[in-house]
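# I'll drop the sequence and a predicted model, then ask my questions.
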Amino acid sequence: MLYFVVRNYLKRAVLGSQRSTLFTLYYLTWETKSSRVTIPQDEWRLRTLQLINALIACFILPVMWMRCYTLATSQEGIDDKITLCLTSLVSFVIPSYLGFASVLMKPSGAKKYIACFDAILHLECALEGFVLIKQHKNHGDKLDSAIKEMLKSANLFLLTFEYIVPILILFFALSTSNPFYTMLRAIHNFEAYGPVIPVVMQVSIGIWATFGFLFMISTLVICILLVAYSISCLYVWTMFLVESKSNVSFKLGGGLGFHSCIKIYKMLRVMTLVEGELIGEFIIPCLHHFSAVAMSTSSVFLILVEVSDRGGKSVLLITSCIVILIYSTMLEIFAICVNAKIGMLSKTFLRRLRMENGRDSYRRRILNGMLPNSVCLECLRSVDMIHNGMQMSYFLSYLDRVTHFTWTLLVAYR
């Protein structure tokens, strides 16, 4: 149901990654003839990226963390909150990029990513063919709504990172609040030599920072697209199994028989195992709760500080914090609420099958050995999560933590 659209999204993401470095350095390339993602044949690209990533991890990232601490504990950071926020954001984006890049920069990791994405695409294509053969292609209203919702979310995500984010990166990279520019200026005040040298430094650093962060963001998009597609595909096909074409009670989606439904459900189970292994290697998707809480807490805290009597009431800073807050909240909604819906739909599907086939001992044994499907986005899974899937209450814990940490920071700030 999402096969052709997601393949087009993957093409756009890979080509965007190549454009961000002017087609010089990239992890993946798009092969037009076969219409699929492949690994670049030139080994020097991969070796160069490995060297750059090692330089970023060993030198640039520790320096940015030290710069964050310096700004947070000095008058400069209090007077220039935009620089402090940009430095903190850069210090947050770089580890996120390195978490994904640590997998893609290995030849085996890039091959595993391609194999995983191809496996999900082929699995969905097989499900499409299976449903077409069974002549149960008619969608229900809820299923059509779920498909449109997933496609709109993916399209909005790509449009944001293809058009809006590059403009914002270019704007802040060429400004005097660029973290790298302000750090070099703090080391040596080259603005004392006249207006020419500062402008040259500002433009040069801004251009390099723009290309670098565009490549990092495009790499994040490529990897996040796999995670989002996994969740969306599982959600849509689970909805298909549950969706009823009529008002008849306990009628399974599409009118499929017991063995057909079990076959589709087990195929979806295999898909969750395939994607869960790669997501665990990425590490960053498993830290979605920590990332969302950190970004949301920082954003809410800065908004409240700026609008208070002691704040500078910077419209640019408040707007940026609102955007980050919306993004982090939507991230957690997708990671938790959609996964919780998948678990709820899976339990509904299994419950209906048990009610219809409870008298058959063979079918009852099959159903008793089946668990709700869900995409694992957690470092540790409890027994309750394995048996019941992710719950909506986990999103409430996100809101509770954001509120608690924001209140603690406000008390400490006062």
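Happy to help now that I have it.

# next helix or strand past the longest helix anywhere in the chain?
Using DSSP state H to define each element, the chain has its longest helix at helix 196-242. Next helix or strand after helix 196-242 toward the C-terminus (DSSP states H and E): helix 258-282.

# mean confidence for that next one?
Mean pLDDT, helix 258-282: 84.

# Just the buried residues of it, please?
260-262, 264-265, 268-269, 271-272, 274-275, 278-279, 281-282 (16 or more other Cβ atoms under 10 Å). From N, CA and C alone the C-beta is placed, and that goes for glycine too.

# what's the angle between that helix and helix 196-242?
160 degrees (axes from the mean of the first three to the mean of the last three Cα atoms, to 10 degrees).

# who does helix 258-282 touch, helix- and strand-wise?
helix 81-104, helix 107-133, helix 196-242, helix 339-357 (3 or more Cβ pairs under 8 Å, 6 or more residues apart in numbering; DSSP states H and E).

# quick one: the third one to helix 339-357, angle?
Relative orientation of helix 196-242 and helix 339-357, computed by the same axes, to 10 degrees: 10 degrees.

# For helix 196-242, name the packing helices and strands.
Packing partners of helix 196-242 (3+ Cβ pairs under 8 Å, 6+ apart): helix 3-20, helix 81-104, helix 107-133, helix 141-159, helix 165-173, helix 179-187, helix 258-282, helix 339-357.

# Save these as CSV, and put in distance to Tyr394 too.
Listed next are these as CSV, based on distance: least, Cβ to Cβ, whole Å:
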stretch, distance to Tyr394
helix 3-20, 26
helix 81-104, 21
helix 107-133, 25
helix 141-159, 20
helix 165-173, 28
helix 179-187, 34
helix 258-282, 17
helix 339-357, 7
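
# Quick check: which of those has the most neighbours on average?
Most buried of the helices and strands packed on helix 196-242 by mean neighbour count (mean count of other Cβ atoms under 10 Å) is helix 81-104; its value is a mean of 20.

# Off-centre distance for that helix?
Centroid separation for helix 81-104 versus its chain: 14 Å, with Cα atoms, centre = their mean, to the nearest Å.

# Sketch out the low-pLDDT regions of this protein for me.
In the predicted model, the chain carries pLDDT under 70 at residues 77-78, 130, 132-140, 244-256, 380-382, 386, 388-389, 414.

# how about the residue most central in space within it, what does it touch?
In the chain, the centroid-proximal residue (Cα atoms, centre = their mean) is Ile224; its distance is 3.8 Å. The contact partners of Ile224, by Cβ atoms under 8 Å, 6 or more residues apart in numbering, come to Phe157, Pro285.

# just the one 3 residues further on next, same as before
For Val227, the contact set (Cβ under 8 Å, 6+ apart) comprises Glu275, Ile279, Phe282, Pro285, Val375, Leu377.

# Domain ranges for this protein, per the record?
1-137+211-282, 287-414 (automatic domain parsing).

# Make a markdown table from the ones you listed and add distance to Met183 to it.
What follows is these, written out as a markdown table (distance: least, Cβ to Cβ, whole Å):
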| stretch | distance to Met183 |
| --- | --- |
| domain 1-137+211-282 | 5 |
| domain 287-414 | 19 |
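
# Buried residues in the helix or strand where Leu71 lies, which are they?
Assessed by DSSP H and E, Leu71 sits inside helix 61-72. Residues Leu61, Met64, Arg67, Cys68, Leu71 are the ones in helix 61-72 that count as buried (16+ other Cβ under 10 Å).

# Show me what that helix is in contact with.
Outside helix 61-72, the residues touching it (Cβ under 8 Å, 6+ apart) are 76-77, 80, 83-84, 87-88, 90-91, 94-95, 98, 179, 183.

# Just name the closest of those residues to Leu28, please.
Leu98 (17.1 Å; Cβ to Cβ).

# Quick check: that closest one touching Cys58?
No: between Leu98 and Cys58 there is no contact under Cβ atoms under 8 Å: 10.7 Å.

# follow-up on the earlier one: in a markdown table: the helices and strands packed on helix 258-282, plus distance to Trp44.
Putting the helices and strands packed on helix 258-282 into a markdown table (distance: least, Cβ to Cβ, whole Å) gives the following:
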| stretch | distance to Trp44 |
| --- | --- |
| helix 81-104 | 16 |
| helix 107-133 | 13 |
| helix 196-242 | 17 |
| helix 339-357 | 40 |
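
# Ok, which of those helices comes nearest Leu174?
The minimum distance between Leu174 and the helices and strands packed on helix 258-282 falls on helix 196-242, with 3.9 Å, by Cβ to Cβ.

# Out of the contacts of Val227, give me the two with the largest separation.
Top of the distance list for the contacts of Val227 (Cβ to Cβ): Phe282 and Val375, 12.4 Å.

# Which residues are in contact with Phe117?
Taking Cβ under 8 Å, 6+ apart, we find Phe117 in contact with Leu10, Val37, Leu226, Tyr229.

# Show me which of the residues you listed is closest to Ile164.
For the contacts of Phe117, the nearest to Ile164 is Leu10 (20.2 Å; Cβ to Cβ).

# Check the gap between the closest one and Ser320 for me.
For Leu10, the distance to Ser320 equals 29 Å [Cβ to Cβ, to the nearest Å].

# One more: Gln50?
Taking Cβ to Cβ, one finds Gln50 at 33 Å from Ser320.

# Which one's more surrounded, these two?
Ser320 (20 against 14; other Cβ atoms under 10 Å).

# Would you check how far apart the residue lying closest to Phe395 once chain neighbours are set aside and Ser102 are?
Nearest residue to Phe395 in three dimensions, chain neighbours excluded: Ile336, at 4.6 Å (Cβ to Cβ, 6 or more residues apart in numbering). Distance of Ile336 to Ser102, given as Cβ to Cβ: 25 Å.

# coming back round to it: let me know the angle separating the helix holding Leu71 from helix 81-104.
Inter-element angle recorded for helix 61-72 and helix 81-104: 160 degrees (by the same axes, to 10 degrees).
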